[in-house]
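Q: using only what follows, build the 3D model:
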Amino acid sequence: MKLRLLTLATSLALATGVSFAQTKWDLPAGYPATNFHSENLVQFANDVDKASGGKLKITVHANASLFKAPEIKRAVQGGQAQAGEILLANFQNEWAIFGTDGLPFLAEGYPSAMKLYQAQKPALQKKLGEQGIQLLYAVAWPPQGIYSKKPLASAADLKGIKWRAYSPATARIAELVGAQPVTVQAAEFSQALATGVVESTMTSGATGVDSKLYEHLKYYYDTQAWLPKNAVIVNKAAFDALDGPTKQAVLKAAADAETRGWAASQAVNTKTLETLKANGMQVLPPSPALKADLKKVGDVMLKEWLDKAGPEGQAIVDAYRK
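A: Numbering: from 1, shown residues only. From the prediction side, this is the model:
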């Protein structure tokens with residue numbers, strides 16, 4: 001009897017030890033598993049697993065399978081998920097600075113987008129910290145262009161068109177050019193196109209390939225309007241509960257994921273534009289008239305944003321333009 005009790009006690013101790021030794025995190029994301037952001041997340045999770053010696057296991061839930069994209073930030077903040085990936089521009093209505101990288105024609109191309117990120121980052125870290133969240137890393141999407149069923153010579157050709165909006169910025173662009181904004185999440189995009197709910201949008205080549213936009217739309221105008229960022233965030237209490245070496249493993253894996261992600265974004269941009277062309281889509285530069293019209297839209301939106309963002313926003317723009 002004593003031996004049986006001793007064996008039972010030992011088994012319980014071992015079981016308890018194992019449960020304390022390993023921590024499990026859920027990381028919801030809004031994009032398909034084949035998207036480069038999602039693939040980068042899986043590599044990040046694998047790196048953490050390896051570097052922590054299996055102490056921290058992160059499960060990536062791609063394609064809005066655990067939480068819908070707009071719900072992920074709140075889920076991380078409230079602790080329903082320990083970590084998550086969000087599109088920062090989606091939260092501009094909550095705090096204007098989240099939408100810094102959604103301002104059209106403020107930062108065009110990767111070097112400018114990285115410079116803007118560095119200018120934005122201190123304010124971003126501070127705000128997220130106040131919300132009980134820690135920023136792990138951020139990666140830009142490829143530059144945004146306009147997809148359309150019909151050719152666009154100028155912004156006048158966008159009047160009345162059903163325009164898929166996925167953020168406050170994309171909805172505002174639609175309003176300023178006279179298009180009709182329709183909110184559709186990435187996971188529902190293909191169906192919305194197939195049923196005629198939307199007929200135009202402004203997004204990256206990567207999303208264009210993910211959603212097979214070439215099956216429904218004929219034209220892509222490479223406006224390079226802006227490079228919005230996905231941010232990977234963690235619940236601060238969950239991060240603080242880790243031991244020192246595991247924290248370092250997470251931070252190192254995050255830094256590697258950021259470097260790798262920006263390089264992947266550039267590679268994906270080149271590849272996806274080629275894929276769009278190969279599938280019969282016309283990939284074109286915007287006409288001088290369309291570019292000039294969109295620049296005016298960008299100027300209006302920057303002024304509106306600065307009115308909301310105040311001195312904090314002005315300081316970011318000033319730091320970026322130095």
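Q: look at the residue nearest the centre of the chain and give its secondary structure.
A: Averaging the C-alpha coordinates of the chain gives a centre point, and the residue nearest to it by C-alpha atoms, centre = their mean is N230 (2.4 Å). Using DSSP: H, G, I helix; E, B strand; the rest coil as the criterion, the local structure at N230 reads strand.
Q: ok, now how distant is it from T207?
A: Per C-beta to C-beta, to the nearest Å, N230 is found 12 Å from T207. All C-beta atoms are positioned from the backbone trio N, CA, C, and that covers glycine.
Q: again, but for K308
A: Separation of K308 from T207 (C-beta to C-beta) stands at 27 Å.
Q: for K252, same thing?
A: When distance is defined by C-beta to C-beta, K252 is 30 Å away from T207.
Q: which of these two has more neighbours?
A: For K252 and T207, the more surrounded residue by other C-beta atoms under 10 Å is T207, and the numbers stand at 21 against 13.
Q: any low-confidence regions in the stretch 201-322 of the chain?
A: Low-confidence regions of the stretch 201-322 of the chain, defined here as pLDDT under 70, do not occur.
Q: which parts of it are helices?
A: Chain-ordered helices for the stretch 201-322 of the chain, with DSSP state H, counting those that start in this stretch as the definition, fall at 205-210, 236-240, 244-278, 288-321.
Q: which stretch among those helices comes nearest Q180?
A: Ranking the helices of the stretch 201-322 of the chain by distance to Q180, with C-beta to C-beta as the measure, places helix 288-321 first at 15.9 Å.
Q: what packs against that closest one?
A: With contacts defined as 3 or more C-beta pairs under 8 Å, 6 or more residues apart in numbering; DSSP states H and E, helix 288-321 has these neighbours: helix 110-130, helix 168-177.
Q: tell me which of the ones you listed is the most buried.
A: Among the helices and strands packed on helix 288-321, the stretch with the highest mean neighbour count (mean count of other C-beta atoms under 10 Å) is helix 168-177, at a mean of 21.
Q: could you identify the helix or strand that succeeds that helix?
A: Per DSSP states H and E, the first helix or strand lying C-terminal to helix 168-177 is strand 180-183.
Q: how about whichever helix or strand comes after that next one as CSV, C-alpha atoms only?
A: On the C-terminal side of strand 180-183, the nearest following helix or strand under DSSP H and E is helix 189-194. Taking C-alpha atoms only, helix 189-194 is exported to CSV below (Å, rounded to 0.1, in the frame of the first residue of the first chain):
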residue,chain,number,x,y,z
PHE,A,189,-13.1,38.6,-49.9
SER,A,190,-13.4,36.0,-52.7
GLN,A,191,-17.0,35.3,-52.0
ALA,A,192,-17.8,39.0,-52.0
LEU,A,193,-16.2,39.4,-55.4
ALA,A,194,-18.0,36.3,-56.8
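Q: so how far is helix 189-194 from its chain's centroid?
A: Here helix 189-194 shows a centroid-to-chain-centroid distance of 20 Å under the convention C-alpha atoms, centre = their mean, to the nearest Å.
Q: returning to that earlier point: which one of the helices of the stretch 201-322 of the chain lies closest to G160?
A: Taking C-beta to C-beta as the criterion, helix 288-321 is the member of the helices of the stretch 201-322 of the chain that comes nearest to G160, at 15.5 Å.
Q: check the offset of that closest one from the chain's centre.
A: 21 Å.
Q: what of stretch 268-288?
A: With C-alpha atoms, centre = their mean as the basis, the distance from the averaged C-alpha position of stretch 268-288 to the chain average is 21 Å.
Q: and that stretch, which residues are buried?
A: Buried positions in stretch 268-288, judged by neighbour count with 16 or more other C-beta atoms under 10 Å: V268, N269, T272, L273, T275, L276, M281, V283, L284, P286.
Q: distance of the third one from L128?
A: This points to T272. In this structure, T272 and L128 are separated by 30 Å, where distance is defined by C-beta to C-beta.
Q: repeat for the fourth one
A: The gap separating L273 from L128 is 33 Å, by C-beta to C-beta.
Q: reformat the buried residues of stretch 268-288 as JSON lines; add distance to L135.
A: Listed next are these as JSON lines, based on distance: C-beta to C-beta, whole Å:
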{"residue": "V268", "distance to L135": "22"}
{"residue": "N269", "distance to L135": "24"}
{"residue": "T272", "distance to L135": "27"}
{"residue": "L273", "distance to L135": "30"}
{"residue": "T275", "distance to L135": "31"}
{"residue": "L276", "distance to L135": "32"}
{"residue": "M281", "distance to L135": "35"}
{"residue": "V283", "distance to L135": "34"}
{"residue": "L284", "distance to L135": "36"}
{"residue": "P286", "distance to L135": "33"}
